[in-house]
Every structure is written in C-alpha cells, then in structure tokens.
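>>> Coordinates for the following, if possible.
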Amino acid sequence: MAKKNKNEKPALSYSEAERRLREGEPGRLYLLWGPEEYLREYFLGELKKKCLPEGEDDFSFRRLNGPELDPNELRSAVDAMPFLSERSFVEVRGAELNKLKEADRILAVLEDIPDFCTVAFVQNAQFEPDGRSKLVKAMRERGEDVSFTQQSQDKLIRWIVRRFAAANKHIELEAAQRLIFISGDLMNRLIPEIDKISAYAKGQTVTVQDVETVANHIPEAVVFDLSDAMAGRKFNTAFSILSELLADKNNEPIFLLSLLGTQMRGLYAAKLADERQLGVKGVMDLGAARYDFQARRLLTASRGFTREQLINAVRICAETDYRIKSSGGSDRELLKEALLRIAAGEEKREAD
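Numbering: from 1, shown residues only. This is a model prediction of the structure:
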C-alpha cells in the first residue's frame, strides 16, 4: 500500500464531489479511484453529461486506454477543439500513474489543459495513488482527487431498498443487513445478487431466508461463520467450513489465512470493547467492524473465547503466515494445523 504524506490533503468523498459538480462547473482535471466501481462509473457518467450534454461524439470526446500513456496522444486529445459543443472531454483509463515512464512529459500536458477541456483519469478498483509521486502530487494540487469507497450503513441500505423497489419488491431491514454481510458492501457486487434474489423471492417481501438461499457468500462472510462455530465449540462444523473453502480453487490458503487472521484480530478488539463495556460503538471505533450489525455479531462471538485464547489465535495466524511464506510445507496443511491450534485454545509456550 502506498504511504501517505501527513500533509497531503484528503481525497474528496463521492458525496462532496457530486455536490460540487451539481452546484458548479466541471473542473479541468479529475483523478477517480477507489474500490466502489458502481459509484465511480455513475459519477463519471454525470461528469460527461455536464461536459457533453449532447452526448459523446468523435470530435469532442476522446478515450485513451492502457497502463502506458503516450504524452503525444494525450497532448493531441487535450488540445483538440470541441465541435458543436462548448467543452471537450478526455477519459484516460487504467494508466499506471504511480510508475509512468514519461511522467514529466505527461505532467507538462496536465499543467496546460485548456479552459474548454476536462480530463478524467479513471483508475481500476485496486489502484491507490502514491502520494510521493510527483505526478500524483501535481494532479491533486491542480485537479479534484475523488476516492470512491464503501458507503455508510444507512446510505447503503437505502440504496438496496431502492434497487429492490425498482423490481417491485420490499426487503426487510434484517434481510438487507444479511445481504451486506454475506455478499459484501460494494454496490457493483450487490447488483447481480439483488437481481437474483428479486427473481427468486415468491412474494412481495424479500426475507432473510431468500437472501440466505440465493445470494453469493463471499469468503469473508464464510470465515465469520467459521469463527462463530469455534466460539460455540462446534469444531466439526468449523473444520467442515474450512474444507468447503479450500475446495474452491479460487481460495488460496494464504488468502484464507489472511481472512482468519483479520477475523481473530476483530474478535480480540471486540473482546476488549466488551470487557470495557464500550458496546457496539467501541467495536466500530477500534476498526473491527464497519457496520453495527457486524459489531454485534463480533461481540457475541468474542464471548466464546478468553482474551488469552484470542491473543494466541492472532499469534498463531502470524506464525503460520511466516511458515507458509518461508517453508516448503503444504500451505493447506499449515492452515489446517493453525485452525487446530486455535481450536485447542493453545496457550502461549513458555519458550516464547
């Protein structure tokens, strides 16, 4: 992950960027990035409408694609005069801004964008700007840096309700929360799940059972179920869940170990919050959960472990991570061994 300069101004949120665009004129330069692809593409569409109210055409709209960016192509696109439109729009997709070979020449173009032109750099969901980069610094100083991240719980649930309403369905609050829990909180992932559930649900109301039956369960949610089983001393269930996760070839053992480690750290944070009577807010303030229904579930599960067991579970995950990365052993067997050690409530060895 790129390091952040403490003096670096924060990126705009989607809501703030949308407000600025709605109330003012388009800027000359935008950097659009972050994991929430649905909101990014929606904002990009609104930005295009503002710049090109008559729609895209071959004269006023240019799109440049790919990790490498040719400064000459960019200069040509930026300087092209709009035709039958007051503005021109240049969309640059997927450029490797953190390591472009000709960053200085590209910077020279961006420092001289005409008044009639808007340039939007659209980055993929995995991209994070490197604030140490001269090019990124200049883009942030001269343009609008907009980060598209997951929405708050209330906003996300309202959006889910609207999506179901568009399909003539009503979803219960608990069902909406369960959907976020098992399928994740990114809108672009939730859209196909909402479509599937809407088609499946027999009545007008979508229930928790409808969601549970049809929606895709992301590995993060399944690992949550695994830790719940361990908290309830249902170890056969926990190992059965792990076997199912490993049976999916998309789930590498090191990835599952990372999820398990994150879950154990979350349970430890919840344990501390519970001991100090900080409640749901305390769990969220410690960064263990984004949403209150997740925090409640962490609190409940944490009561099935002692604090020492959770401390050692976190240690076991860290040790196993090192062993997977440094030894020639089987990743799958090392992961299973880690779960066995956690399940056994292994105490920290004296030699440690």
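>>> so where's the stretch 201-350 of the chain shaky on pLDDT?
Across the stretch 201-350 of the chain, the ranges flagged by pLDDT under 70 are 346-350.
>>> again, only using 50
For the stretch 201-350 of the chain, the stretches flagged by pLDDT under 50 are 347-350.
>>> residue boundaries of the strands in it?
Here the stretch 201-350 of the chain has its strands, by DSSP state E, counting those that start in this stretch, at 205-206.
>>> list the contacts for residue 214?
Contacts for residue 214 (Cβ atoms under 8 Å, 6 or more residues apart in numbering) come out as 193, 196, 197, 200. All C-beta atoms are positioned from the backbone trio N, CA, C, and that covers glycine.
>>> Nearest to residue 282 among the residues you listed?
residue 193 (30.7 Å; Cβ to Cβ).
>>> wait, doesn't the closest one sit right on residue 183?
Yes - with contact defined as Cβ atoms under 8 Å, residue 193 reaches residue 183; the gap is 4.8 Å.
>>> For the nearest residue to residue 170 once chain neighbours are set aside, give its distance to residue 125.
Spatial nearest neighbour of residue 170, chain neighbours left out: residue 205 (5.1 Å); criterion: Cβ to Cβ, 6 or more residues apart in numbering. Using Cβ to Cβ, to the nearest Å, one obtains 33 Å as the distance from residue 205 to residue 125.
>>> list the contacts for the residue nearest to residue 170?
Neighbour list for residue 205: 169, 170, 171, 172 [criterion: Cβ under 8 Å, 6+ apart].
>>> swap in residue 278?
So residue 278 contacts 272, 285 (Cβ under 8 Å, 6+ apart).
>>> picking up where we left off before, of the contacts of residue 205, which is the most crowded?
residue 171 (27 neighbours; other Cβ atoms under 10 Å).
>>> hang on, it packs against residue 159?
No - between residue 171 and residue 159 there is no contact under Cβ under 8 Å: 11.3 Å.
>>> on that earlier part again, out of residue 193 and residue 183, name the residue with the larger neighbour count.
Between residue 193 and residue 183, counted using other Cβ under 10 Å, the more crowded position is residue 183 (22 against 19).
>>> Let me see the contact set for the more buried one.
Residue 183 neighbours (Cβ under 8 Å, 6+ apart): 189, 190, 193, 215, 216, 217, 218, 221.
>>> Please look at the last one and residue 180 and confirm they touch.
By that I understand residue 221. No - between residue 221 and residue 180 there is no contact under Cβ under 8 Å: 9.5 Å.
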